[in-house]
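with the sequence up front, the predicted model follows.
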Amino acid sequence: MTHASPHTAHDHRHETDGAGQAEILDLDAEVLAEHTASITASLPLKSGPRHIVDLGCGTGAGTFALLARFPEAAVTAVDSSAHHLRRLREKAEAHGVGDRVRTVHADLDAAWPELGAPELVWASASMHHMADPARALRKVHELLAPGGLFAVVELAGFPRFLPEGAPEERPGLEERAHAASDRHHAEHVPHRGADWGPMLTGAGFTVEEARTIDVNLDGSRSEAIGRYALHSLQRMRGTVVGTLAAEDLTALDRLLDPDGPHSIARRADLAVRTERTVWAARRS
């Protein structure tokens, strides 16, 4: 995502704000690193893959988790954002794994590039951005080596950061912002929140596992969580600015003022709450 994240921050198909997207993808990778590592560790693989394809790789959250989990593997990282791929390449070189990473710049809604026959394909927070998901699933099925595994990872919408009743001057602000954001995404990203199980089966896969993982991280775990919340809500503001009540928008802007006393990054009750769903599907 790729993640780029669960929401508009993870839209790898548009580069209207490449640097801003890359920053939030990097924060997403840092905050959710333990969860990503646990997902890669529990994939139902019969043997360690030697070739992995990361579809909609963003700045490399999945790529680097997979390289760490499978030390004998090389990863082909595919994204439509040249900016994200440059960032991923720089990180790979800095971490000494540049020889294990191939980056491919491609729009997967158009013609697919040659990607070999990987034993594992990973798509985190990227499948819901496809214009024609059924076509993309068929392409992955054709791509995979016989017996290969396709892992689809999706976040359940936009993370929550505030407790119930916050902020004090506008209780319920976050839920109202989420409702407005969900309406926006229902129109513009209709496959967000989809159940990929039936679509995977329809594309010829055998779904071996579908599980949902709760994410609930206390803000005190990492200073990155405050920055993650700030950048995420800034992204959300862009989609809800036209529909939120003026009082809600004022309260949201107080949360988004990084230097103000009400900044979300300064709150002691900050958390990251969401769900990640993982589908592991086999090509027979």
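Received the coordinates, thanks.

quickly note the distance from residue 40 to residue 171.
39 Å (C-beta to C-beta, to the nearest Å). (Glycine included, C-beta is placed from N, CA and C.)

between these two, who's got more neighbours?
Legend: neighbour count by other C-beta atoms under 10 Å for residue 40 and residue 171, higher for residue 40 (21 against 14).

residue 151 versus the nearest residue to the more buried one once chain neighbours are set aside, what's the distance?
In this structure, residue 40 finds its nearest non-sequential neighbour in residue 69, 4.1 Å apart by C-beta to C-beta, 6 or more residues apart in numbering. Applying C-beta to C-beta, the value for residue 69 to residue 151 is 11 Å.

between these two, which one's more packed in?
residue 151 (23 against 18).

contacting residues around residue 142?
Shown in contact with residue 142 (C-beta atoms under 8 Å, 6 or more residues apart in numbering): no residues.

name the element it belongs to?
Counting by DSSP states H and E, the element that carries residue 142 is helix 133-143.

in that helix, what's buried?
In terms of neighbour count (16 or more other C-beta atoms under 10 Å), helix 133-143 has its buried residues at 133, 136, 137, 139, 140, 141, 143.

from the residues you listed, which is closest to residue 36?
residue 140 (19.7 Å; C-beta to C-beta).

how close does the closest one get to residue 153?
14 Å.

quick one: low-confidence parts of the stretch 1-150 of the chain?
For the stretch 1-150 of the chain, applying pLDDT under 70 flags the ranges 1-19.

what segments of it are strands?
51-55, 74-79, 101-105, 120-124, 149-155 (DSSP state E, counting those that start in this stretch).

tell me what the fourth one is packed against?
Applying 3 or more C-beta pairs under 8 Å, 6 or more residues apart in numbering; DSSP states H and E, one finds that strand 120-124 makes contact with strand 51-55, helix 61-69, helix 133-143, strand 149-155.

what's in contact with it?
For strand 120-124, with C-beta under 8 Å, 6+ apart as the criterion, the contacting residues are 1-3, 36, 43, 45, 49, 51-56, 61-62, 66, 70, 73, 140, 143-144, 148-154.

change it to 6 Å
With C-beta atoms under 6 Å, 6 or more residues apart in numbering as the test, strand 120-124 has contacts from 1-3, 49, 52-56, 62, 140, 144, 149-153.

which of those residues are buried?
1-3, 49, 52-56, 62, 140, 144, 149-153.

quick one on the thing from earlier: wait, which of the helices and strands packed on strand 120-124 is closest to residue 125?
strand 149-155 (6.0 Å).

list the buried residues in stretch 208-220.
215, 217, 219.

hmm, what's the outermost residue in the protein?
For the chain, the residue at maximal distance from the C-alpha centroid (C-alpha atoms, centre = their mean) is residue 169, at 31.7 Å.

I am finished for the moment; much appreciated.
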